[in-house]
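Trainee: Need a 3D model of the sequence below.
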Amino acid sequence: MDKSFYIANRKELYSRVGESALIVLLAGHAPRRSADAYYNFYCNRNFAYVTGACDATTQGFIFMAEKHGEDVHETLFILPPDAHAERWTGRRMKPDEARELTGIQDIAYLSEFETRFHKAASAAARLELWTDIDRLSFAEADNESVEFTNRALKAYPALESHNLLPLLKSMRTFKKPCELEAMRKAMTITREGILDMMHASKPGMYEYEYKAIFDAALTRNGVLEPAFQPIISAGNNNFCIHYYSYTGRAQDGDMILNDVGACWDNLGNDVSRGFPCNGKFSEKQRLLYTCAYNTSNYMFSIIKPGMPMASVDQTARRYCFEQLKGIGLCDKYEDVGKYMWHGGAHHVGFDTHDVVDMAHPVAPGMVFCVDIGIYCEEWGIGFRLEDNCLVLEDGCENLSRDIPRSIDEIEAEMARR
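Mentor: Numbers count the residues shown, from 1 in each chain. This next block holds a predicted model:
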């Protein structure tokens with residue numbers, strides 16, 4: 001992604017905070033796994049959205065911006081050179097590289113942060129402190145941003161604490177053209193991985209073999225990490241919505257469920273396809289898949305600006321109920337929860353379940369998933385049909401339409417094995 005994208009994001013963010021404000025965003029650190037082993041570093045997505053600095057070399061980076069009226073001074077604090085550490089963990093980003101990547105001109109080392117923060121926090125009688133307060137629940141342990149905020153307010157009680165998250169959610173709700181370009185590129189790679197799984201599929205394959213095939217497609221295209229951990233399952237394992245074991249073996253007649261996505265320039269996809277491991281839908285598989293397919297097509301025919309986001313899920317459930325009723329599985333609407341276990345729409349972007357303004361009606365520039373999952377335990381059939389929907393001025397576009405969706409398309413593709 002060109003640095004102009006991140007520069008524009010920062011300018012928009014500055015326009016949304018007060019006249020006297022201090023913004024601090026943290027890239028974060030990889031948590032310790034065990035002994036001296038650590039999980040791979042995954043940069044805070046809001047930090048990535050604002051700076052563009054988010055690869056493995058950016059662990060521990062801090063972004064700070066001081067705003068006084070129309071004047072804004074922004075600083076990126078990076079790791080200092082350390083020849084010994086770099087022998088073990090790789091070369092560190094240089095100041096000139098950080099400037100070129102982010103468009104931030106003032107690059108300082110992390111050792112300077114506390115001194116610079118003290119000077120900024122003490123410079124005005126009234127100053128807003130804007131940090132990223134992102135937590136899933138009251139009981140959740142404090143993350144680095146919350147810990148920093150608490151420490152800063154204790155040291156400088158005159159600061160007025162404000163949460164950046166609602167502002168960033170509002171900004172991330174709408175994808176800019178360069179984001180859509182990255183998502184389209186990622187989709188071509190996602191498509192390749194799904195087609196490769198279809199072409200290789202046969203009874204007796206293990207789930208980890210399907211995963212290896214998908215992972216290989218991403219790696220061939222320079223994607224070293226997927227948008228999220230792939231969900232790939234067979235048979236009864238499809239009844240675990242978030243299944244990550246990959247140890248099951250496909251039996252003749254089983255459906256393969258895959259919920260996968262590539263990532264390009266920080267932007268990801270989230271696509272699900274269900275297909276029979278032997279390449280041919282059974283009668284009952286056809287009945288259920290047709291319910292999901294008809295529901296998905298209906299949703300893409302009606303999604304347009306102005307719809308409440310909540311109605312996307314509600315409408316999908318109502319329409320799918322009528323489909324399931326038509327094949328004799330549901331008598332009344334209250335029964336649909338037996339077969340539809342999760343919501344039918346979520347935004348996608350920098351995060352797979354993107355953090356956005358969920359109260360905002362459907363509007364041009366939004367990208368969200370239309371996710372129709374049907375789980376029929378009495379028939380032993382479970383799958384999802386999940387596509388990525390880009391909202392246009394007068395309707396919507398299915399970004400994943402080129403990945404086989406219909407029964408005929410899937411069977412024809414699998415016949416090429």
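
Trainee: Could you measure from the residue of the chain most remote from its centre over to Arg116?
Mentor: With distances taken as C-alpha atoms, centre = their mean, the residue sitting farthest from the centre of the chain turns out to be Ala125, at 39.9 Å. Computed with C-beta to C-beta, to the nearest Å, the distance linking Ala125 and Arg116 is 19 Å. Bear in mind the C-beta positions are built from the backbone N, C-alpha and C, glycine included.

Trainee: which non-adjacent residue is nearest Arg91?
Mentor: With sequence-adjacent residues excluded and distances taken as C-beta to C-beta, 6 or more residues apart in numbering, Arg91 is closest to Thr57, at 7.4 Å.

Trainee: so how far is Ala65 from the one you found?
Mentor: If you measure Thr57 against Ala65 using C-beta to C-beta, the figure is 22 Å.

Trainee: Of those two, give the one with the bigger neighbour count.
Mentor: Set side by side, Thr57 and Ala65 show more neighbours around Ala65, with 23 against 20, by other C-beta atoms under 10 Å.

Trainee: which residues of the stretch 151-300 of the chain fall in helices?
Mentor: 165-172, 177-200, 207-220, 283-302 (DSSP state H, counting those that start in this stretch).

Trainee: what's the closest of the ones you listed to Gly274?
Mentor: Evaluated over the helices of the stretch 151-300 of the chain, closeness to Gly274 peaks at helix 283-302, with 6.9 Å, by C-beta to C-beta.

Trainee: Not counting the closest one itself, show me its contacts.
Mentor: Helix 283-302 is contacted from outside by 255, 274, 276, 281, 312, 315-316, 319-320, 323-324, 326-327, 344, 370, 372-374, 376, 379, 381, 383-385, 387, 389, 396, 398, 405-407, using C-beta atoms under 8 Å, 6 or more residues apart in numbering.

Trainee: Filter those down to just the ones in strands.
Mentor: For the contacts of helix 283-302, the ones inside strands are 255, 274, 276, 370, 372-374, 376, 381, 383-385, 387, 389, 396, 398, with DSSP state E as the criterion.

Trainee: ok, the residues you listed vs Pro226, which is closest?
Mentor: Distances from the ones in strands among the contacts of helix 283-302 to Pro226 were compared by C-beta to C-beta; the smallest belongs to Arg384, at 16.7 Å.

Trainee: quick revisit: mind giving me a markdown table with the helices of the stretch 151-300 of the chain and columns for mean pLDDT?
Mentor: As requested, those are exported to a markdown table (pLDDT from 0 to 100):
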| stretch | mean pLDDT |
| --- | --- |
| helix 165-172 | 98 |
| helix 177-200 | 99 |
| helix 207-220 | 99 |
| helix 283-302 | 99 |
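
Trainee: Ile104 is nearest to which of these?
Mentor: Using C-beta to C-beta as the measure, helix 165-172 is the one of the helices of the stretch 151-300 of the chain that comes nearest Ile104, at 17.5 Å.

Trainee: packing partners for that closest one?
Mentor: With contacts taken as 3 or more C-beta pairs under 8 Å, 6 or more residues apart in numbering; DSSP states H and E, helix 165-172 sits against helix 3-16, helix 45-51.

Trainee: Find the residue at the geometric middle of this structure.
Mentor: By C-alpha atoms, centre = their mean, the mean C-alpha position of the chain lies nearest to Thr352, the distance being 1.7 Å.

Trainee: And that residue, how far from Lys11?
Mentor: Going from Thr352 to Lys11 by C-beta to C-beta gives 27 Å.

Trainee: OK, contacts around the residue farthest from the centre of the chain?
Mentor: Ala158.

Trainee: Show the pLDDT at it.
Mentor: We note a pLDDT of 84 for Ala125 in this prediction.

Trainee: quick one: it is in a helix?
Mentor: No - counting by DSSP: H, G, I helix; E, B strand; the rest coil, Ala125 is located in no helix; its state is coil.

Trainee: What backbone torsions are found at it?
Mentor: Note on Ala125: its backbone torsions stand at phi -70, psi -30 [degrees, to the nearest 10].

Trainee: Distance of it relative to Gln105?
Mentor: For Ala125, the distance to Gln105 (C-beta to C-beta) stands at 28 Å.

Trainee: likewise Leu153?
Mentor: On the measure of C-beta to C-beta, Leu153 and Gln105 end up 29 Å apart.

Trainee: And the two? Which one has more around it.
Mentor: Leu153 (15 against 12).

Trainee: The more buried one contacts Glu160, correct?
Mentor: No - the criterion here is C-beta atoms under 8 Å, and Leu153 misses it with Glu160 at 9.3 Å.

Trainee: Show me the common contact partners of these two, please.
Mentor: Counting by C-beta under 8 Å, 6+ apart, the common neighbours of Leu153 and Glu160 are Leu129.

Trainee: Would you reformat the helices and strands packed on helix 165-172 as JSON lines and include mean pLDDT and mean neighbour count?
Mentor: Converted to JSON lines, those look like this (pLDDT from 0 to 100; neighbours: other C-beta atoms under 10 Å):
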{"stretch": "helix 3-16", "mean pLDDT": "98", "mean neighbour count": "16"}
{"stretch": "helix 45-51", "mean pLDDT": "98", "mean neighbour count": "24"}
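
Trainee: now for those, which one comes closest to Thr247?
Mentor: Relative to Thr247, the nearest member of the helices and strands packed on helix 165-172 by C-beta to C-beta is helix 45-51, separated by 30.6 Å.

Trainee: which strands and helices sit next to that closest one?
Mentor: Partner elements for helix 45-51 (3+ C-beta pairs under 8 Å, 6+ apart): helix 3-16, strand 20-26, strand 62-68, helix 165-172.

Trainee: I'd like the ones you listed laid out as a markdown table, including distance to Tyr49.
Mentor: Formatted as a markdown table, the entries for the helices and strands packed on helix 45-51 read as follows, by distance: least, C-beta to C-beta, whole Å:
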| stretch | distance to Tyr49 |
| --- | --- |
| helix 3-16 | 6 |
| strand 20-26 | 9 |
| strand 62-68 | 11 |
| helix 165-172 | 6 |
